[in-house]
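Trainee: Attaching a predicted model along with its sequence, questions to come.
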Amino acid sequence: MEFGNSYVQGVYDGLAKRYPEQKEFLEAAGNVLKSLVPVVEANPEIEKQGILERITEPERTIMFRVPWVDDAGKVQVNRGYRVQFNSAIGPYKGGLRFHPTVTLSVIKFLGFEQIFKNSLTTLPMGGGKGGSDFDPKGKSDAEVMRFCQSFMTELSKHIGPDTDVPAGDIGVGGREIGYMYGQYKRLRNEFTGVLTGKGLTFGGSLARTEATGYGLCYYVEEMLHCMKNDSFKGKTVVISGAGNVAIYATEKATQLGAKVIALCDSNGYIVDNNGIKLDVVKQIKEVERGRIKEYAARVPGSEYHEGCSGIWGTKADIYLPCATQNEIDEDSAKKIVANGAIAVGEGANMPSTPEAIKVFQDAGILFSPAKASNAGGVAVSGLEMSQNSERLHWTFEEVDAKLEDIMKTIFHSCYDAAEKYGMKGNLVAGANIAGFEKVCEAMLAQGIAY
Ligand code: NDP
């Protein structure tokens, strides 16, 4: 990777030499470092104080063995990780991912990104991430519980409500958080807000379920308003996925006056030009845990198509990728541009490849990067921490109003940061810079603490 700045180049080359096998982490670090070149050139203290060398190295990396017993009585062993990346602005905060593809590189990539995402939320949260190569799919509840208890037995030595507050991520939902919370409480004899994403009966926050999808729409609405004097009202929208983020993005976009016409799962996509009936989708996906294909059988006038990539050929004004990483490649991006799209807002983590982002930027389409537009989830997790500390429970409306305010503020931070460094309208660079500036200032103020 070329940076056109010898200091930034040296930092990146050092990482590439030390961690040649950590491809995901190197890609994420390289992309952020690239955006920071103008900031480094304007602020000599960054080089003098070694800020980039420090921010790209985790404060602490914990790796551990997770032994557990399966239903057949056999001992299984998985690997557990917690990367405590940066605590300059608050306790480490970030999810736990349980998936067979989890490696140290993946956890470092996600933890590094989390530093800037959390900084953008305006809440006092540092960056961290953790997880295991354990796969909850196909395991019994009892197996998942034994795994979670073993995982937490080690993790509990390293976390705490003022130290590190993990949350869920892929493979870690309400069931896993509940089992881990129970084990932490048993080990420490403390009822504290050490995890977020908890059930509503033991400290969870209202509106956490809706937060990422709603937050995405609040952000995109503000982007449309400020950059195009426009809004969701009267627009057609294509949303990928049919999970948590996609469902609540559909709900909010519809409330804001748009018509959502397509959704998908990993098998195929549906198109309903009359507007997706969300009650039918919720019944299929949330209640019956079925496939999106069933929608077409239940709603006259809608269609189902096998395969997912065709969804990007569906003509609409706004596209919100909310399924998975790298779901929009260069070809799909070109289809979106050819369809006359005005905006793309990322709900999933890293859904657009770098080539796709370039297509959007060259075409002048409004584009919001995930670390800004999907920050609503972690923002409400931060609000869950506040409620736990206060021993209070806010209403849905209170949390939702704070979420909307945070998402609008995030948009303006990204927009202003890009403009300040001569890249007006480039929200990718703006998100990296705005997230970095606050952490950098805190690190400079705290001396060589880490
Ligand atoms: P869910 O598991 O609830 O939903 C994911 C949806 O995407 C499912 O409908 C799934 O279909 C579909 N999907 C998965 N892989 C593909 C694929 N290759 N092609 C098409 N569709 C696919 O996850 P979430 O909604 O919670 O998360 C979605 C994304 O948003 C992830 O990237 C996640 O990291 C990110 N995110 C989520 C947050 C949250 O609060 N939930 C917060 C921030 C980011 P199927 O059922 O067939 O697998």
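Mentor: That came in fine, so what should we check first?
Trainee: which bits of the stretch 251-400 of the chain sit near the ligand?
Mentor: Applying CB under 6 Å from any ligand atom, we find that the stretch 251-400 of the chain lies next to the ligand at 264-267, 308, 322-324, 327, 347-349, 374, 377. C-beta: built from backbone N, CA, C; applies to glycine.
Trainee: mind checking the SS state of the residue most central in space within the chain?
Mentor: Nearest to the mean C-alpha position of the chain, counting by CA atoms, centre = their mean, stands Asn349 at 5.0 Å. Of the three states, Asn349 takes coil under DSSP: H, G, I helix; E, B strand; the rest coil.
Trainee: Next up, the contacts around it.
Mentor: By CB atoms under 8 Å, 6 or more residues apart in numbering, the residues touching Asn349 are 110, 113, 325, 370, 374.
Trainee: Surely Leu320 forms part of a strand?
Mentor: Yes. Checked against three-state DSSP, Leu320 lies within a strand.
Trainee: For it, grab the count of nearby residues.
Mentor: For Leu320, the count of nearby residues is 30 (other CB atoms under 10 Å).
Trainee: per-residue confidence for it?
Mentor: Listed pLDDT for Leu320 reads 98.
Trainee: of all of the stretch 201-350 of the chain, which residue lies closest to the ligand?
Mentor: Closest to the ligand within the stretch 201-350 of the chain is Gly243: 1.8 Å, counting by CB to the nearest ligand atom.
Trainee: what about that residue, distance to Val299?
Mentor: According to CB to CB, to the nearest Å, Gly243 stands 19 Å off from Val299.
Trainee: Repeat that for Asn43.
Mentor: 56 Å.
Trainee: how about Arg65, what does it touch?
Mentor: 77, 79-80, 154.
Trainee: Let's see that with 7 Å instead.
Mentor: Val77 (CB atoms under 7 Å, 6 or more residues apart in numbering).
Trainee: Please apply the same query to Val83.
Mentor: Applying CB under 7 Å, 6+ apart, the residues near Val83 are 58, 61, 107-108, 111, 128-130.
Trainee: If we use 10 Å, what do you get?
Mentor: For Val83, the contact set (CB atoms under 10 Å, 6 or more residues apart in numbering) comprises 25, 58-63, 92, 94, 104, 107-112, 114, 127-131.
Trainee: cool, Ile177 as well?
Mentor: Ile177 makes contact with 95-96, 148, 166-168, 195-199, 202, 204 under the criterion CB under 10 Å, 6+ apart.
Trainee: Please pick the buried ones from those.
Mentor: Buried members of these, scored by 16 or more other CB atoms under 10 Å, are 95-96, 148, 166-168, 195-198, 204.
Trainee: Can you tell me which of those is nearest Gly290?
Mentor: Proximity of these to Gly290 (CB to CB) peaks at Gly168, which lies at 22.4 Å.
Trainee: looking at it, that closest one is touching Gly199, isn't it?
Mentor: No. Using CB atoms under 10 Å as the test, Gly168 is too far from Gly199 to be in contact (11.7 Å).
Trainee: what's the burial count for Leu123?
Mentor: If we define neighbours as other CB under 10 Å, then Leu123 has 21 of them.
Trainee: Please tell me how far the residue nearest to it when sequence neighbours are not counted sits from Val165.
Mentor: Distances taken as CB to CB, 6 or more residues apart in numbering place Gly382 nearest to Leu123, at 3.7 Å, with adjacent residues excluded. Note on Gly382: its distance to Val165, by CB to CB, is 9 Å.
Trainee: what's the helix or strand for the residue nearest to Leu123?
Mentor: Per DSSP states H and E, Gly382 falls inside helix 376-390.
Trainee: what element comes up after that helix heading to the C-terminus?
Mentor: Once the chain leaves helix 376-390, the next helix or strand it forms, by DSSP H and E, is helix 396-420.
Trainee: what comes up buried for that following helix?
Mentor: Buried residues in helix 396-420, counted by 16+ other CB under 10 Å: 398-400, 402-404, 406-411, 413-415, 417-418, 420.
Trainee: Can you name every helix or strand that it contacts?
Mentor: For helix 396-420, the packing partners by 3 or more CB pairs under 10 Å, 6 or more residues apart in numbering; DSSP states H and E come out as helix 23-42, helix 104-120, helix 208-228, strand 366-368, helix 370-373, helix 376-390, helix 427-445.
Trainee: Cool, thanks, signing off.
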